[in-house]
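K.L.:
please find the sequence and the predicted model below.
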Amino acid sequence: MLRTRRRVRLWAAPLWRLNTWMLLGAAAVVGFEGLEALLGTFLMAPELLPFALLALALYWVFRERVVRGVRRLRIRIRAARARRCMRRADAAATAPGD
């Protein structure tokens, strides 16, 4: 069973890497095309530039707040797990009938 798993991993790893690079390349092309369209729009309508900058700033702030919130949540979950483990250890140590 273990040999089969290793063979599958060895066979599938290059395919996974190739797929990853293909997705990264496609995303880069799409991103470049989007940037080109955005800059072309600003050449035709430069009065929209402040709104686009505001939208980018709001997106950045929102993303930072979400990342910070997720980080805080992970810390709280980790602390709760640690407290729960400590309570279980204390309960097991003081359990009657030992």
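P.N.:
Sure, I can see it.
K.L.:
what ranges does this structure have for its helices?
P.N.:
2-44, 49-93 (DSSP state H).
K.L.:
any chance of those in TSV, plus mean neighbour count and mean pLDDT?
P.N.:
For the C-beta atoms, the positions are set from N, CA and C on the backbone; glycine is no exception. As requested, the helices of the chain are arranged in TSV below (neighbours: other Cβ atoms under 10 Å; pLDDT from 0 to 100):
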stretch	mean neighbour count	mean pLDDT
helix 2-44	10	71
helix 49-93	10	91
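K.L.:
kindly report the domain assignment for the chain.
P.N.:
Annotated domains of the chain cover 1-44, 46-98 [automatic domain parsing].
K.L.:
any idea how far the last one is from the chain center?
P.N.:
Meaning domain 46-98. Between the centre of domain 46-98 and the centre of its chain there are 13 Å (Cα atoms, centre = their mean, to the nearest Å).
K.L.:
how near is residue 58 to residue 64?
P.N.:
11 Å (Cβ to Cβ, to the nearest Å).
K.L.:
equivalent analysis for residue 21, please.
P.N.:
Taken as Cβ to Cβ, the span from residue 21 to residue 64 is 29 Å.
K.L.:
find the centremost residue of this protein, please.
P.N.:
In the chain, the centroid-proximal residue (Cα atoms, centre = their mean) is residue 67; its distance is 9.0 Å.
K.L.:
so what's that one up against?
P.N.:
Counting by Cβ atoms under 8 Å, 6 or more residues apart in numbering, residue 67 touches no other residue.
K.L.:
which residue sits closest to residue 49, ignoring its sequence neighbours?
P.N.:
In this structure, residue 49 finds its nearest non-sequential neighbour in residue 42, 5.4 Å apart by Cβ to Cβ, 6 or more residues apart in numbering.
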